[in-house]
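S.K.: Structure for this input, please:
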Amino acid sequence: MKVTFINNNGGGFANVIEIASGTTVSQLFSKQLPDASPADYLIRVNRLPSTADQVLASNDRISMTPVKIEGASAL
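M.R.: Have a look, this model is predicted:
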């Protein structure tokens, strides 16, 4: 099935990608950002916060936005 994946890491991009039926948000995160920690990202499905075990559906829109920007100083 096809979903839209938006990676807001850096410049950000959007792609329609093919995933297996029954794929969870956690599985997609691990595949798309294998060296990252989910705790460092705001993950949304169809503009709503999601859970790790949420099963994705055809035509879902998934965005992964870092909440920590490397090199930024804390105020």
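S.K.: switch to C-alpha atoms for all contacts and neighbour counts from now on
M.R.: Noted.
S.K.: Now do the residue nearest the centre of the chain, the pLDDT please.
M.R.: The centroid of the chain falls nearest to residue 64 when counting by Cα atoms, centre = their mean (3.4 Å). Looking at residue 64, its pLDDT is 94.
S.K.: what does residue 69 give?
M.R.: 68.
S.K.: which element is the residue nearest to the centre of the chain on?
M.R.: strand 61-66 (DSSP states H and E).
S.K.: do the same with residue 29
M.R.: Short version, using DSSP H and E: residue 29 is in helix 25-32.
S.K.: Likewise for residue 43?
M.R.: Assigned by DSSP H and E, residue 43 belongs to strand 41-45.
S.K.: how distant is the worst-scoring helix or strand of the chain on mean pLDDT from the center of its chain?
M.R.: Sorted by mean pLDDT, DSSP states H and E, the helices and strands of the chain end with strand 13-18, the least confident at a mean of 92. Centre-to-centre, strand 13-18 and its host chain are 11 Å apart (Cα atoms, centre = their mean, to the nearest Å).
S.K.: what's the angle from it to strand 61-66?
M.R.: Strand 13-18 runs at 130 degrees relative to strand 61-66, counting by axes from the mean of the first three to the mean of the last three Cα atoms, to 10 degrees.
S.K.: May I have strand 13-18 as PDB, with CA atoms only?
M.R.: What follows is strand 13-18 as a C-alpha-only set of coordinates in PDB (Å, rounded to 0.1, in the frame of the first residue of the first chain):
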ATOM      1  CA  PHE A  13      11.000  16.200   1.900                       C
ATOM      2  CA  ALA A  14       7.800  14.300   1.000                       C
ATOM      3  CA  ASN A  15       7.600  11.000  -0.900                       C
ATOM      4  CA  VAL A  16       4.900   8.500  -1.600                       C
ATOM      5  CA  ILE A  17       6.400   5.200  -0.500                       C
ATOM      6  CA  GLU A  18       5.200   1.600  -0.700                       C
END
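S.K.: Cheers, nothing more for now.
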